[in-house]
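Pasting a predicted model and its sequence here:
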Amino acid sequence: MSKEIDKQIRSLAGSLDADYYGVADLTPARDFIHAQGGDRAARYPRGVVLGIRLQDSVVDLLPEKDNEGAILYRHTTYDVVNIALDQAALRIANVLQREGYGAFPVPASKRTSNEHICGIFSQKLAAHMAGLGWIGKSCLLVTPDHGPRVRWVTVLTDAPLQPTGSPMESRCGECTACVDICPVHAFTGKPFSPGEPREARFDAAACDRYFKEREKNDGVATCGLCVWVCPHGRKKGKRAEK
Ligand code: SF4
Ligand code: SF4
């Protein structure tokens, strides 16, 4: 039965045109998940993870810091990609539910706590635990082939799916590009360590304030320089330019 549902979900994910697919065993991170999302999130031992690559042409507008580029980036990246991810997650959750399993589609990007500036569950954690990338010094999930230029969604489930991998070791090395480019110095430059709180590496409130300031001054809340600058994402863009 486990193999059948595995095959069914993998095949559905393939038809949904996602660039990344994985299954995470979330049990080693249960305490962390519970601290963030309580029982609602922590009751599920697995996560089905889907990722959609961002368009390089749109991410590469970011360093120009102009309003038009910011509007285009925000529309494509936040509005269009997040909706595509949410719809894909719902399709997967529907199949799992029909097959009699518990399934909870975590919204691709929905803040549920203003105090902690986070959602009910960390998409990056699931992608990391599914073996799809590592958590960089930018606190973003960095994939070997497309860096952080990928957005993620997770369907939490109790279906007995086979995990696709284990957490990937960091490949940030000596790089500090994201730390250096951040206009509000939100990153400390410390590498990710599973037991350590996000605050040890990232001042989410500083980033949030910067977004609000941009919205107030320019009418559009966007930055994303830490996404743009990562060399693991930019190398593909360079190849495409040849
Ligand atoms: S989005 Fe901009 S302000 Fe926020 S952490 Fe990244 S570089 Fe810094
Ligand atoms: S920019 Fe460099 S330090 Fe930052 S996440 Fe990417 S590889 Fe790691």
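Happy to help now that I have it. Since the model is a prediction, treat every value here as computed from it, not as a measurement. Ligands and ions are numbered 1, 2, ... in the order given.

In stretch 73-81, which residues are buried?
Tyr73, Thr76, Thr77, Val81 (16 or more other C-beta atoms under 10 Å). C-betas here are computed from N, CA, C, even on glycine.

ditto for stretch 195-212
Arg198, Arg201, Phe202, Asp203, Cys207, Asp208, Tyr210.

and what of stretch 83-99?
Residues of stretch 83-99 classed as buried by neighbour count (16+ other C-beta under 10 Å): Ala84, Leu85, Asp86, Ala88, Ala89, Arg91, Ile92, Ala93, Val95, Leu96.

What of stretch 178-195?
Cys178, Val179, Ile181, Cys182, Ala186, Phe187, Phe192.

now do stretch 213-222
Quick answer for stretch 213-222 (16+ other C-beta under 10 Å): Arg214, Val220, Ala221, Thr222.

do it and ligand 1 meet at all?
No. Figure legend: stretch 213-222 not in contact with ligand 1 (C-beta under 6 Å from any ligand atom); closest approach 8.2 Å.

Now do that stretch, average pLDDT.
Across stretch 213-222, the average pLDDT comes to 85.

now stretch 69-83
For stretch 69-83, mean pLDDT rounds to 92.

Is there proximity between that stretch and ligand 1?
No. Under the criterion of C-beta under 6 Å from any ligand atom, ligand 1 is not reached by stretch 69-83; the shortest gap measures 11.2 Å.

Need the contact partners of that stretch.
With contacts defined as C-beta atoms under 8 Å, 6 or more residues apart in numbering, stretch 69-83 is touched by 52, 54-55, 58-59, 61-62, 107-109, 151, 214, 218, 220-222, 224.

thought Val229 was touching Ala177?
Yes. Contact criterion C-beta atoms under 8 Å: Val229 and Ala177 qualify, at 4.6 Å.

What parts of this protein come near ligand 2?
136-138, 142, 172, 175-178, 229-232.

and those, which of them are in strands?
By the criterion of DSSP state E, membership of those in strands covers Val142.

that older thread, quick one: which of the buried residues of stretch 83-99 is nearest to ligand 1?
Proximity of the buried residues of stretch 83-99 to ligand 1 (C-beta to the nearest ligand atom) peaks at Leu85, which lies at 19.1 Å.

Quickly find the element holding the closest one.
Taking DSSP states H and E as the criterion, Leu85 maps to helix 81-98.

what's the offset of that helix from the middle of its chain?
16 Å (C-alpha atoms, centre = their mean, to the nearest Å).

Also stretch 145-156?
Chain-centre distance of stretch 145-156: 4 Å, with C-alpha atoms, centre = their mean.

List the residues that contact Lys190.
Lys137, Glu196, Ala200, Arg201.

Now do the contacts for the residue lying closest to Asp158 once chain neighbours are set aside.
Of all residues not flanking Asp158 in the chain, Gly102 sits nearest, at 4.4 Å (C-beta to C-beta, 6 or more residues apart in numbering). Contacts for Gly102 were tallied using C-beta under 8 Å, 6+ apart; they are Arg43, Tyr44, Leu96, Thr157, Asp158, Ala159.

cool, and Arg171?
For Arg171, the contact set (C-beta under 8 Å, 6+ apart) comprises Trp134, Val142, Pro144, His232.

which of the residues you listed are buried?
Among the contacts of Arg171, those buried by neighbour count (16+ other C-beta under 10 Å) are Trp134, Val142, His232.

How about the last one: what's its closest non-neighbour residue?
Right, the one you point to is His232. In this structure, His232 finds its nearest non-sequential neighbour in Gly147, 3.5 Å apart by C-beta to C-beta, 6+ apart.

Just give me the neighbour total for the one you found.
Neighbour count for Gly147, taken as other C-beta atoms under 10 Å: 27.

isn't it right up against Cys230?
Yes. At 4.0 Å, Gly147 and Cys230 qualify as touching, with contact defined as C-beta under 8 Å.
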